[in-house]
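Engineer: Could you look at this predicted model? Sequence included:
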Amino acid sequence: MRTMVTLENLSDDVLYQIVGHLRSERSFTLRCLRIVSSRLKIFAESILYRKLVLQDDDDHELASSGFIERLQNPLDTLSQHVRNLHVKSFRGDDESCCMNTNLLLTCLKRLRRLDSFSWDCDFPIPNEIMDTLHLRWPQAQLRATMKDLDYKTLQSPQLHCLRVCLPKLVSDPVITINLWNSVKRVLLYCPKLRALSIDVRPVATDRFTLVVTPEVPPGLNTTNTTVSSYYDDSRPPDHTEALSALDQKIQLPLTRDDGLFELHDLNIRARSYTLDLEHCQLLLGCLDTNKLQRLRLGPSNPKHFFNTFAGQLTHLQHDITFMLQPESWYPAIAYPVFELVNCAEFTTSLISLRSLIIRCNVVSWHDPLWARLADAHGTRLRHLSIQAHQPDRQAPEIIGALPHMLRQFTALTTLHLALQESDTYNHLCAFCDHGTDASATSTRFLPFRTSQLSASASNSAPVSTGPCEHICSTRRRTYTTPSANYGQSSRADQRPMRSKLVA
């Protein structure tokens, strides 16, 4: 007699594959597995707690305190599962809610193995924690997120990922030049740095501290000078001060003599970052284009970047993100199609592209960008996302037939759309890609749903109703086609929506 195989009989490798296919339900499933048996409890916790976050604020105080107590308990198995320790919102020993330096040191020493240590705090990493990380876990990757540049963190040989947010306006230009030079020195002299994110924060009147290091070869710099300054708030808040010595440009001070940056992930978050032709050429000479895999650009329509790097980033495949913002306030009337020609040439030259995120104000399916994208990447693009140009702005306007264009991307497994409205015919719903000579009207797009695809909608307009093969109503709307099912929505619910996967 054959017996049915149960979860108890499956190996950890098989269980891991099963859990990996659950995606959004993965965390819930793992928590349920913990109550089945002791063996499945160990398996589930080994995945759940592979990354452990200790966050020091009122909302996460109880959870973080519980994790710290478990890590201090020698009989608890939590310390065996943690591979990535992430500390967030730590404000120092005097102002923190549930942790201090000694507790963090104890947790760090109790871990059996550590692959990465992330520090996402305005407070600099205490010297004791940094020394323990260097001595006990020399192979662990250090991922730091900071506003004020800290000398010891920047000089760490384990620095793998750096996210900095530099001040936009300061009173002393010498300090601003030293700020950007410090980031440049990290790129040149930190051998393990693979990810860099640069942002610029707005003017504030708070005092900030900058650690300035002299220009010396790596390994010989043993002193540092602390310089304090105040932001000058006497100028209008939207005025941009020079952050480099040349032409008041916000950019890294690169030269032709700089060495190669072996970055795998480059994120220029600052929208005011200057990507002019000269800087793009210097960046191309300093960047190892064979290593870069992820790219995110904050500046809108970086035409010089597109022209310079077209055909150069052969290994760029994941999370390529860039901004597109037409200059016209009425994109449906005067949409500058010529602005996207350089973008189309750049994206079609990426032979390894797998994931694409575009943030924009308007999407016109008549623009040659989308047709060229479909021709070049329609059979291999796995993830596509179209979002608002800025997180706090309304979703982009859609012009043209959405389903007709999306059907050309045959390999998509993930689709995330933040849609506003579309110019279509007054008797058709948003998903009709045919029409009559009726006058155009503004129609709301609802969440697009198809096999293994998801989308969201926000800031939308009412739906027009009329004779159509789809079912349209003002309170409850359901769209059905022979090949896919479309979601349901309430008119009263105007919040961004994210649909579940539907076969």
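Structural biologist: Right, received. Where do you want to start?

Engineer: Flag every buried residue along the longest helix along the chain.
Structural biologist: Criterion DSSP state H: the longest helix present in the chain is helix 173-189. Residues 175-187, 189 are the ones in helix 173-189 that count as buried (16 or more other Cβ atoms under 10 Å). (Glycine included, C-beta is placed from N, CA and C.)

Engineer: What is the nearest of the residues you listed to R143?
Structural biologist: V186 (13.4 Å; Cβ to Cβ).

Engineer: who's in contact with the closest one?
Structural biologist: By Cβ atoms under 8 Å, 6 or more residues apart in numbering, V186 lies in contact with 154, 159, 162, 193, 196.

Engineer: Counting neighbours, which of these end up buried?
Structural biologist: For these, buried by 16+ other Cβ under 10 Å: 154, 159, 162, 193, 196.

Engineer: got a markdown table for those residues, with secondary structure and distance to A144 too?
Structural biologist: Shown next, in a markdown table, are those (DSSP: H, G, I helix; E, B strand; the rest coil; distance: Cβ to Cβ, whole Å):
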| residue | secondary structure | distance to A144 |
| --- | --- | --- |
| L154 | helix | 8 |
| L159 | strand | 7 |
| L162 | strand | 6 |
| L193 | coil | 10 |
| L196 | strand | 11 |
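
Engineer: tell me the least confident of those?
Structural biologist: The lowest pLDDT within these belongs to L154, with 90.

Engineer: export the buried residues of helix 173-189 to a markdown table and tack on pLDDT and distance to N290?
Structural biologist: Shown next, in a markdown table, are the buried residues of helix 173-189 (pLDDT from 0 to 100; distance: Cβ to Cβ, whole Å):
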| residue | pLDDT | distance to N290 |
| --- | --- | --- |
| I175 | 75 | 36 |
| T176 | 77 | 33 |
| I177 | 81 | 31 |
| N178 | 84 | 32 |
| L179 | 86 | 30 |
| W180 | 88 | 26 |
| N181 | 89 | 27 |
| S182 | 89 | 27 |
| V183 | 91 | 23 |
| K184 | 92 | 21 |
| R185 | 90 | 23 |
| V186 | 91 | 21 |
| L187 | 90 | 17 |
| Y189 | 89 | 21 |
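
Engineer: Looking at those residues, spot the one nearest S300.
Structural biologist: Nearest to S300, judged by Cβ to Cβ, of those is W180 at 21.6 Å.

Engineer: so how far is L105 from the closest one?
Structural biologist: Look at W180 and L105: by Cβ to Cβ, to the nearest Å, they are 33 Å apart.

Engineer: what's the answer for T348, then?
Structural biologist: 52 Å.

Engineer: and what of L260?
Structural biologist: Going from L260 to L105 by Cβ to Cβ gives 37 Å.

Engineer: Give me the helices and strands touching the strand or helix carrying N267, please.
Structural biologist: Applying DSSP states H and E as the criterion places N267 in strand 265-268. Strand 265-268 sits against strand 195-201, strand 294-300, with contacts defined as 3 or more Cβ pairs under 8 Å, 6 or more residues apart in numbering; DSSP states H and E.

Engineer: Sheet partners, orientation included, of the last one?
Structural biologist: According to DSSP bridges, strand 294-300 forms sheet pairs with strand 265-268 (parallel), strand 318-324 (parallel).

Engineer: backbone phi and psi for V87, please?
Structural biologist: phi -110, psi 130 (degrees, to the nearest 10).

Engineer: Show me what it bridges to in the sheet.
Structural biologist: What pairs with V87, by the bridge criterion (DSSP bridges), is L54, W119.

Engineer: CA atoms of stretch 105-116 as PDB?
Structural biologist: Below are the C-alpha coordinates for stretch 105-116, written out as PDB (Å, rounded to 0.1, in the frame of the first residue of the first chain):
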ATOM      1  CA  LEU A 105      26.900  44.300  20.500                       C
ATOM      2  CA  THR A 106      25.400  41.300  22.300                       C
ATOM      3  CA  CYS A 107      23.100  40.500  19.400                       C
ATOM      4  CA  LEU A 108      26.000  40.800  16.900                       C
ATOM      5  CA  LYS A 109      28.200  38.500  18.900                       C
ATOM      6  CA  ARG A 110      25.500  35.900  19.400                       C
ATOM      7  CA  LEU A 111      24.900  35.300  15.700                       C
ATOM      8  CA  ARG A 112      26.300  32.000  14.300                       C
ATOM      9  CA  ARG A 113      26.800  33.500  10.800                       C
ATOM     10  CA  LEU A 114      26.500  36.900   9.300                       C
ATOM     11  CA  ASP A 115      26.400  37.700   5.600                       C
ATOM     12  CA  SER A 116      25.500  41.400   5.700                       C
END
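
Engineer: Now it: buried residues?
Structural biologist: 107-108, 110-111, 114, 116.

Engineer: show me what contacts V183?
Structural biologist: If you count contacts by Cβ under 8 Å, 6+ apart, then V183 has 149, 162, 164, 166, 196, 198, 252 around it.

Engineer: How many residues are close by N307?
Structural biologist: 13 (other Cβ atoms under 10 Å).

Engineer: related to what we said a few turns ago, closest to H383 out of the buried ones among the contacts of V186?
Structural biologist: L196 (22.5 Å).
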